[in-house]
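1. Got a predicted structure here, sequence first:
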Amino acid sequence: MKTVTLIEVALDSEATPADLAGAISDHLHETYN
């Protein structure tokens with residue numbers, strides 16, 4: 001479920017590197033906590 005969100009953020013033409021980093025950070029936080 002979260003992976004789809006990460007892919008969507010990565011493919012979003014409006015997404016900035018900070019947006020992608022934030023999404024990955026959230027994903028890692030949920031995965032390892």
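-> Everything's here; your move. Numbering: from 1, shown residues only.

2. name the element the spatially most central residue of the chain belongs to?
-> Residue closest to the average C-alpha location in the chain (C-alpha atoms, centre = their mean): A23, at 2.6 Å. Using DSSP states H and E, A23 sits within helix 17-32.

3. What is that helix packed up against?
-> helix 2-11 (3 or more C-beta pairs under 8 Å, 6 or more residues apart in numbering; DSSP states H and E). C-betas here are computed from N, CA, C, even on glycine.

4. Name the residues of the helix it packs on that are buried.
-> The neighbour-count check on helix 2-11 (16 or more other C-beta atoms under 10 Å) flags V9 as buried.

5. and for it, what are the contacting residues?
-> Helix 2-11 has contacts (C-beta atoms under 8 Å, 6 or more residues apart in numbering) with A15, D19, L20, A23, I24, D26, H27, E30, T31.

6. That helix versus helix 17-32: what angle between them?
-> In terms of direction (axes from the mean of the first three to the mean of the last three C-alpha atoms, to 10 degrees), helix 2-11 departs from helix 17-32 by 170 degrees.

7. Any chance of JSON lines for the contacts of helix 2-11, columns distance to T5 and pLDDT?
-> Output for the contacts of helix 2-11, formatted as JSON lines (distance: C-beta to C-beta, whole Å; pLDDT from 0 to 100):
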{"residue": "A15", "distance to T5": "11", "pLDDT": "72"}
{"residue": "D19", "distance to T5": "11", "pLDDT": "80"}
{"residue": "L20", "distance to T5": "11", "pLDDT": "79"}
{"residue": "A23", "distance to T5": "6", "pLDDT": "82"}
{"residue": "I24", "distance to T5": "10", "pLDDT": "84"}
{"residue": "D26", "distance to T5": "8", "pLDDT": "85"}
{"residue": "H27", "distance to T5": "8", "pLDDT": "80"}
{"residue": "E30", "distance to T5": "11", "pLDDT": "78"}
{"residue": "T31", "distance to T5": "13", "pLDDT": "74"}
